[in-house]
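>>> coords below, sequence missing:
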């Protein structure tokens with residue numbers, strides 16, 4: 001029990017109540033094993049623009065070096081705010097999807113060299 005009653009030992013009813021447990025405080029702060037990359041507004045703009053161009057979440061996350069969940073959160077908030085339109089690509093035939101995704105990934109690898117100065121803040125306009 002983690003509580004202490006007003007009268008720790010009552011002799012009237014014969015009950016002995018539990019005393020308070022000793023609580024130990026940590027002296028050192030706990031350091032986690034991972035570090036968080038800060039949110040970059042220019043990177044968010046790049047994510048929205050690349051998804052408007054038709055690149056998938058997986059392709060954008062591989063090129064930018066971010067997790068899939070981070071990219072998905074940015075795309076989902078852009079869809080909810082009306083900045084993007086949701087395009088369902090699941091109904092396309094698998095061979096067409098595979099062929100276009102490989103071509104688009106090669107194209108994105110070429111384009112990312114133009115996007116990195118904008119994301120890092122070296123250039124004011126996106127390509």
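The structure has been received and is ready for your questions. Owing to the predicted nature of the structure, the values given are computational and were not obtained by experimental measurement.

>>> and the helices in the protein?
41-52, 57-64, 68-80, 94-120 (DSSP state H).

>>> show me what the last one is packed against.
Contact here means 3 or more CB pairs under 8 Å, 6 or more residues apart in numbering; DSSP states H and E; on that basis helix 94-120 packs against helix 41-52, helix 57-64. In short, each C-beta sits where N, CA and C put it, glycine included.

>>> buried residues of the shortest one, list them for me.
Just to be clear, that refers to helix 57-64. For helix 57-64, burial by neighbour count (16 or more other CB atoms under 10 Å) applies to 57, 59, 60, 61, 62, 63, 64.

>>> with stretch 101-113 instead?
Buried-residue list, stretch 101-113, by 16+ other CB under 10 Å: 104, 108, 112.

>>> please identify which of those residues is nearest to residue 81.
For those, the closest approach to residue 81 (CB to CB) belongs to residue 108, at 24.2 Å.

>>> rewinding a little: dump the helices of the chain to TSV, plus mean pLDDT.
Listed next are the helices of the chain as TSV, based on pLDDT from 0 to 100:
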stretch	mean pLDDT
helix 41-52	90
helix 57-64	90
helix 68-80	92
helix 94-120	85
